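*Asks:* Below are the sequence and a predicted model for it; my questions follow.
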Amino acid sequence: TLFRSVKAGGVTTLRTGGVLGGLKTALAAKETKTGTVREGACGAYAALCDVMAGGLHAMEPFLLTLLADVIDLTSAKGKSLCDAAEAASKKFCNGLQPYAVRQVVPVLLPLFDGKLKWQSRTIAIQCLEVLAVKSASTALELPVVIPAITPQLWDLKKQVKEAAISCLSALSKIIENKDLAPIVEDICRVLTQPKEIPEFMHIIAGTVFVQTVQSPALAFLVPLLGRGLKVNDTSVKRAVSTIIVNMSKLVENPVEAAPFLPELLPLMVLAAETIADPEARSVAEKAQAQLERLDHHCKNNPSTLVDQDILYDILKDTAGHGDSAKEYEEKFEQQMFKHLAAVASSVVDGYVYEIATFDAAAKPYIENFGTDNKAIARMHTAAMKFAKPPDVFEDDDDGAEELCNCKFTLAYGTKILRSEEHTSELQSRIKSR
């Protein structure tokens, strides 16, 4: 009955029919001997997830508000209840529109807290793995995901540790960096065995990096680099410095490095100040200079990440509601618009600029809310203003001869692949490759 009514009435049925409130109450029901009410609530939640996966993705932000409650029940008493909660939570993650991952990650990460029961933590980690397998857009969230998953690799509970290792492996497969592809499995292994970091730093230092470096690759490497800089061994610190010098020159958009600079830059400064060997210290100073240049650029230039508030305001305006309108003030509609703004921003932040992809990601959410396709076109126009990084990011290279400094457009047939891109090449880079 619930399945049919929501499928027929649309997402507003969740509000007008009191479905969300009823589920919230049922999931929190106190039962001493049986979990039938809570188990039934998990079944109802799973049924709604089926409707969502069937195309009614506008339900996502509302079902998301109950996800933590469902996962919490995976540590309750009664195997059938735990199994129902696990199945429901994973069904939600599997049914998501791929670009909605950005909204789910902030719900899952707090559930990794060691103070919570290990069963719930295990399922939360497994849900994250589901997202990694389902959607490549999970890579955009790696700067916050990797610091959260790493401590779970050493958890005392075998089930948590195994789930974390499996999740880390799945996350590593969505890194689109061919330079790291041959060693990505080794990176995952070394993250679980810190004693191998010193030797591994020398291996990475010998890797030739030629592909543009973005935040997903940095998310995996920075924890290792940070640990390497803490090792009391000059050769290891030199190797880390070499890696930073080589990779930082391939960061075309400095915003990609911004999440990691607060951790890495202070360690690099300390290394440059304390290394006794002159040659190793000079390499560390170059690495420090590169990181400081990135940091300066991030602090003194507008971000190229899409401003979700701008997209949110467009949705509000397109819906035809004034700021004081009662219907707009309802939390229900605000949740929908904020969710859609996050989804839309994920598309462009992931360097996917085609209007067709943007339209396909946004369209499932705008039904039942008084909006139309004009909202999608306006959001795309607004988002694309953030799409391109500043024209040039200078990375001084000791006066090396500049071989190329130009803009170009790349096309195949009638399709524009890259528009007005900037490239520069220095003689020293060619030699280093």
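*Replies:* Noted; the coordinates are in hand.

*Asks:* so what does the helix or strand hosting Arg121 touch, helix or strand wise?
*Replies:* Counting by DSSP states H and E, the element that carries Arg121 is helix 118-134. Using 3 or more C-beta pairs under 8 Å, 6 or more residues apart in numbering; DSSP states H and E, the elements in contact with helix 118-134 are helix 60-72, helix 79-95, helix 101-108, helix 142-149, helix 158-172. C-beta coordinates here come from the backbone N, C-alpha and C atoms, glycine included.

*Asks:* How about residues contacting the third one?
*Replies:* Think helix 101-108. 60-61, 64, 67-68, 93, 96, 124, 127-128, 131, 135, 137-138, 140-141, 144-145, 339, 342-343, 345-346 (C-beta atoms under 8 Å, 6 or more residues apart in numbering).

*Asks:* That helix vs helix 79-95, what angle?
*Replies:* Put simply, helix 101-108 runs at 150 degrees to helix 79-95, going by axes from the mean of the first three to the mean of the last three C-alpha atoms, to 10 degrees.

*Asks:* Helix 101-108 - what's its average pLDDT?
*Replies:* Averaged across helix 101-108, pLDDT comes to 96.

*Asks:* just the angle between that helix and helix 60-72, please?
*Replies:* 30 degrees.

*Asks:* Start at 8, not 1
*Replies:* Sure, I'll start counting at 8 from here, so that last one is helix 108-115.

*Asks:* Check which residues of helix 108-115 are buried.
*Replies:* By neighbour count on 16 or more other C-beta atoms under 10 Å, the buried set for helix 108-115 is 108-112, 114-115.

*Asks:* So which of those is the closest to Ser248?
*Replies:* Among the buried residues of helix 108-115, Val112 lies closest to Ser248 (C-beta to C-beta), at 32.0 Å.

*Asks:* So which residues of the chain form strands?
*Replies:* 409-419, 422-433 (DSSP state E).

*Asks:* Give me the most central residue, the chain.
*Replies:* The centroid of the chain falls nearest to Glu148 when counting by C-alpha atoms, centre = their mean (1.0 Å).

*Asks:* tell me the contacts of that residue?
*Replies:* By C-beta under 8 Å, 6+ apart, Glu148 lies in contact with 108-109, 112.

*Asks:* mind running it again at 6 Å?
*Replies:* Val112 (C-beta atoms under 6 Å, 6 or more residues apart in numbering).

*Asks:* Kindly indicate which of the buried residues of helix 108-115 lies nearest Glu38.
*Replies:* Using C-beta to C-beta, the buried residues of helix 108-115 come closest to Glu38 at Val114, 25.1 Å.

*Asks:* can you put the buried residues of helix 108-115 in CSV and add distance to Ala296?
*Replies:* Below are these laid out as CSV (distance: C-beta to C-beta, whole Å):
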residue, distance to Ala296
Val108, 36
Arg109, 33
Gln110, 38
Val111, 39
Val112, 34
Val114, 40
Leu115, 38
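
*Asks:* out of those residues, who's nearest Asp162?
*Replies:* Taking the buried residues of helix 108-115 together and measuring to Asp162 by C-beta to C-beta, the closest member is Leu115, at 15.9 Å.

*Asks:* gap between the helix holding Arg128 and the chain center?
*Replies:* The chain centre lies 15 Å from the centre of helix 125-141; the measure is C-alpha atoms, centre = their mean, to the nearest Å.

*Asks:* try stretch 156-175
*Replies:* 19 Å.

*Asks:* buried residues in that stretch?
*Replies:* Residues of stretch 156-175 classed as buried by neighbour count (16+ other C-beta under 10 Å): 156, 159-160, 162, 167-168, 170-172, 174-175.

*Asks:* max-length helix in the protein?
*Replies:* Secondary structure assigned by DSSP state H gives helix 285-307 as the longest helix of the chain.

*Asks:* For that helix, report the contacting residues that lie outside it.
*Replies:* Helix 285-307 has contacts (C-beta under 6 Å, 6+ apart) with 241, 245, 248, 251-252, 255, 261, 264-265, 268, 272, 275-276, 278-279, 282.

*Asks:* Equivalent analysis for stretch 266-277, please.
*Replies:* By C-beta under 6 Å, 6+ apart, stretch 266-277 touches 150, 225, 229, 233, 236, 294-295, 298, 302.

*Asks:* same thing but at 8 Å, please
*Replies:* Residues contacting stretch 266-277 (C-beta under 8 Å, 6+ apart): 150-151, 222, 225-226, 229, 232-233, 236-237, 248, 251, 291, 294-295, 298-299, 301-302, 305.

*Asks:* just stretch 158-169 next, same as before
*Replies:* 119, 121, 125-126, 128-129, 132, 170-172, 175, 198-199.

*Asks:* Low-confidence stretches in the stretch 8-157 of the chain?
*Replies:* Where the stretch 8-157 of the chain drops to pLDDT under 70, the residues are 8-17, 22-24, 39-42.

*Asks:* OK, contacts around Ala139?
*Replies:* 145, 174, 177-178, 180-181.
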